[in-house]
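Colleague: The sequence isn't on hand, but the structure is:
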């Protein structure tokens, strides 16, 4: 498949490597930042800006942007485009798993039976997703995340490097789980949790307030 990668930062390098290893032909990397234009990303020319309408000529797209909110905005802006799912050949994905359009599964990831990975989600390097999990649209599992069975990571949620979730928990929409945290119970939408076990971050006291 012929691909155009949207974004040219560090995550785009990982996506490009996965795409090339999978046998896709990467035609170009597009970025809105002019300082990136003229550079090369793994031998692929970086140009720009990213168009505001689907690219003519039939190239499929993948949004190689780590920010969940920015990735969603780009996908909505180019909703009529063809989006390619990228699965690194050195990952293992069970035949019953469903991988959504625009999703990326990186090297050494393991996706077990009856898992659903949503559109434009990221399953990063060395992530394990056990049976019957759901990783919704625009969610991002950073390198080394581990999900036990039946975990739900809702739309736009982010789990930091090395975080883990116990069986059956739900991580709410646009929630953030800090690096190395162990999620033992449901995380509300929009919350930020850290630690072992994971707990909501305490707000700092206002400057000048009493103890």
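Modeller: Structure received. Keep in mind the model is a prediction, meaning the values are calculated, not measured.
Colleague: contacts, neighbours, all on C-alpha from now
Modeller: Will do.
Colleague: For residue 144, give its distance to residue 122.
Modeller: Residue 144 sits at a distance of 12 Å from residue 122 (criterion: C-alpha to C-alpha, to the nearest Å).
Colleague: try residue 100
Modeller: Noted for residue 100: a distance of 10 Å to residue 122, by C-alpha to C-alpha.
Colleague: between these two, who's got more neighbours?
Modeller: For residue 100 versus residue 122, neighbours defined as other C-alpha atoms under 10 Å are more numerous around residue 122 (30 against 20).
Colleague: List the beta-bridge partners for that one.
Modeller: For residue 122, the beta-bridge partners under DSSP bridges are residue 104, residue 140.
Colleague: Residue 33 versus that one, what's the distance?
Modeller: Between residue 122 and residue 33 the computed distance is 22 Å (C-alpha to C-alpha).
Colleague: for residue 70, same thing?
Modeller: Between residue 70 and residue 33 the computed distance is 14 Å (C-alpha to C-alpha).
Colleague: do the same with residue 139
Modeller: Here residue 139 is placed at a distance of 24 Å from residue 33 (C-alpha to C-alpha).
Colleague: Which of those two has more residues huddled nearby?
Modeller: Higher neighbour count among residue 139 and residue 33: residue 139, with 31 against 13, using other C-alpha under 10 Å.
Colleague: Identify the spatial nearest neighbour of the more buried one, chain neighbours not counted.
Modeller: Distance criterion C-alpha to C-alpha, 6 or more residues apart in numbering; nearest residue to residue 139, sequence neighbours excluded, is residue 156 at 4.2 Å.
Colleague: Perfect, I'm done here.
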